[in-house]
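S.K.: A predicted structure for the sequence below; I have some questions about it.
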Amino acid sequence: MNIKTVVILGGGPAACTLAVLLARKGVRAAIFHVPKQATLIVGESTVPAIVPILRLLGVEDEVRSYSEFKPGATVNMSPTQNFYFHFGDVYSGLPRYAYNVPRDKFDATLLNAARKAGVKIIEAAAKVEKIPGTDKVKLSDESLATTENHFPGQPDLIVDATGRLRYLPKLLGIAGREGGRKDTALFAHVDQTKLDFKGHVHSTRLDHGWSWRIPLPGRVSVGIVIPSEHLPRFGATKEERYDNLLKQDSVLSKVTQGSKRLTPVMEHANYQLVSERIVGDNWALVGDTAGFIDPVFSSGLLIGMRGAVLLAKTIRRSAPRDFQRYQQEIMRHLEVWHGIVDSYYDGRLFNAAVVGERLKKKYPLIFKLMPYFENNIFRIFTGAASNSPFHVGMMRRFVTWSAGQEDHTAMRIY
């Protein structure tokens, strides 16, 4: 394969990251993008592993100008059991900070970076057709015409970055593997909440499910992830349910006391989904279209943008074996994050943190000589958790071993 032209469906962070990197290497790229009407989008908090990508794209200074500086993350498991992760204490080789971003401005920054790089931006939905008897797809004649001769003919590669819309998987009949949980996420912006640390993202265990609090300039994003069967008793509409949860949940009623909702409520249900195949003869998936695990740990943006960087390298090499490696690597990252998320929900992850803290006090010299034991959980919050198979293996073994030392059900998310 010799890929010289690429069409990208969708204009989110993964799409724009891919487009910028391709355009810089001389690949003619076009984005079909329907501007979003809603300003609220899941993924308002980044992790330190994204900062090098922002630098690569040349947009960090602009992102910094409208974002909230993020020096760490806080997890509230109970009134007496809290975990504080400060990026300055983590040994990961990454920047010791990140940003909480208003997603409408963040997405606009990346789309503008693509435009400046020479990417053709087409504000319309593309129509793609399957070529009968093959694993290939093509733009419809009408959609190809909207590129205004940006390409000499059909593009060499079509990339689906449409997120949960999953345009190509639906067209090609590619199934998705769902996660075990059936949660609903409700979120909106409020004027204020209580925070343990300025700039920290707070993940808080609730009576049912968990909540995020993401401090943004002048407001706080408050999300509630709750098993769907609990929702009806809090009201008939998403607004009623959200407002009543803030008032009636024993934890939210304290941390959001006196707050005022500033925006409409957004809702997503059953979002854990991984495509069974993410590359084909002349197409590929990237970002949430390839797989989305969970909003916890702010991993969605990272997986998408890191996947875009990897796909850009794959396209430049263009060999079929490189596309298979791309698929394997994305699947590996998704599998690792799925395991981390599962251990969060069933209580084993932070049970391991408790056991680890006890061992640290009992054997301080061992932890001083081998800091990666303590550093493993820290790496989750920087985005470095899935980088090293060695660290992944260490974390899995320690989490499993710790579950046999302490009753982890006390930290389960119900």
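M.R.: Here it is on my side, so go on.
S.K.: show me how far stretch 309-324 is from its chain's centre.
M.R.: Remark: stretch 309-324 is offset 22 Å from the chain centroid, using CA atoms, centre = their mean, to the nearest Å.
S.K.: what about it, how long is it end to end?
M.R.: In stretch 309-324, first residue to last residue: 15 Å (CA to CA, to the nearest Å).
S.K.: what residues are up against the residue nearest to Leu171 when sequence neighbours are not counted?
M.R.: With CB to CB, 6 or more residues apart in numbering as the criterion, Leu171 has its nearest non-adjacent residue at 5.8 Å, and that residue is Lys130. For every residue, glycine as well, the C-beta is placed using N, CA and C. Lys130 is in contact with Lys136, Val137, Leu171, Leu172, counting by CB atoms under 8 Å, 6 or more residues apart in numbering.
S.K.: which of those residues sits closest to Gln192?
M.R.: Leu171 (45.0 Å; CB to CB).
S.K.: secondary structure class for that closest one?
M.R.: helix (DSSP: H, G, I helix; E, B strand; the rest coil).
S.K.: switch to numbering from 33
M.R.: Got it, first residue is 33 now, which makes that one Leu203.
S.K.: Lys168 is in contact with that one, correct?
M.R.: No: if you go by CB atoms under 8 Å, Leu203 and Lys168 don't touch, sitting 11.4 Å apart.
S.K.: burial measure for Ser350, as a count.
M.R.: Close neighbours of Ser350, defined as other CB atoms under 10 Å, add up to 14.
S.K.: surely it is in contact with Asn34?
M.R.: Yes: between Ser350 and Asn34 there is a contact at 6.0 Å, judged by CB under 8 Å.
S.K.: how many residues are close by Leu203?
M.R.: By the measure other CB under 10 Å, the count of residues near Leu203 is 14.
S.K.: okay, which residue is most central for the chain?
M.R.: Central residue of the chain (CA atoms, centre = their mean): Gly332, 0.7 Å from the mean position.
S.K.: any idea of the pLDDT on that residue?
M.R.: Looking at Gly332, its pLDDT reads 91.
S.K.: before we move on, what SS does the spatially closest residue to it that is not a sequence neighbour have?
M.R.: Once flanking residues are discounted, Gly332 sits nearest to Gly75: 5.0 Å by CB to CB, 6+ apart. On the three-state scheme (three-state DSSP), Gly75 is labelled coil.
S.K.: for the contacts of Lys162, pick the one with the most neighbours.
M.R.: The residue in those with the most neighbours, by other CB under 10 Å, is Val169 (23 neighbours).
S.K.: element containing the residue nearest to the centre of the chain?
M.R.: Using DSSP states H and E, Gly332 maps to helix 331-349.
S.K.: list the buried residues of that helix.
M.R.: Buried residues in helix 331-349, counted by 16 or more other CB atoms under 10 Å: 331-344, 346-347.
S.K.: same question for stretch 107-116.
M.R.: For stretch 107-116, the neighbour count (16+ other CB under 10 Å) marks Val107, Asn108, Met109, Phe115 as buried.
S.K.: same question, stretch 134-151
M.R.: For stretch 134-151, by 16+ other CB under 10 Å, it's 134-135, 138-143, 145-147, 149, 151.
S.K.: Asp374 - that's part of a helix, no?
M.R.: Yes: checked against three-state DSSP, Asp374 lies within a helix.
S.K.: next, count neighbours for it.
M.R.: Counted with other CB under 10 Å, the neighbours of Asp374 add up to 16.
S.K.: tell me the pLDDT of the closest residue to it other than its chain neighbours.
M.R.: Once flanking residues are discounted, Asp374 sits nearest to Gly212: 7.5 Å by CB to CB, 6+ apart. Here the pLDDT value assigned to Gly212 is 82.
S.K.: check Phe399 too.
M.R.: pLDDT for Phe399: 60.
S.K.: domains of this protein?
M.R.: As recorded under automatic domain parsing, the domains making up the chain are 37-99+134-209+304-370, 215-301, 378-443.
S.K.: hey, least reliable of those domains by pLDDT?
M.R.: The weakest mean pLDDT among the domains of the chain belongs to domain 378-443, with a mean of 80.
S.K.: any idea how far apart the tips of that domain sit?
M.R.: Domain 378-443 has its terminal residues 7 Å apart, counting by CA to CA.
S.K.: related to what we said a few turns ago, pick the one among the buried residues of stretch 134-151 closest to Asp223.
M.R.: Pro134 (14.8 Å).
S.K.: what are the phi and psi values for that closest one?
M.R.: Pro134 has phi and psi values of phi -70, psi 120 when expressed as degrees, to the nearest 10.
S.K.: my read is that it contacts Glu76, right?
M.R.: Yes: counting by CB under 8 Å, Pro134 touches Glu76, with 7.0 Å between them.
S.K.: overlap in contacts, these two.
M.R.: Each of Leu248 lies in contact with both Pro134 and Glu76 under the rule CB under 8 Å, 6+ apart.
S.K.: tell me which of the buried residues of stretch 134-151 fall in strands.
M.R.: Residues of the buried residues of stretch 134-151 located in strands (DSSP state E): none.
S.K.: mind listing what Asn114 touches?
M.R.: By CB under 8 Å, 6+ apart, Asn114 lies in contact with Thr106, Val107, Asn108, Asp228.
S.K.: farthest-apart pair in those residues, please.
M.R.: Maximum distance among those (CB to CB): 9.9 Å, for Val107 and Asp228.
S.K.: shared neighbours of those two, which are they?
M.R.: With CB under 8 Å, 6+ apart as the test, Val107 and Asp228 both reach Asn114, His234.
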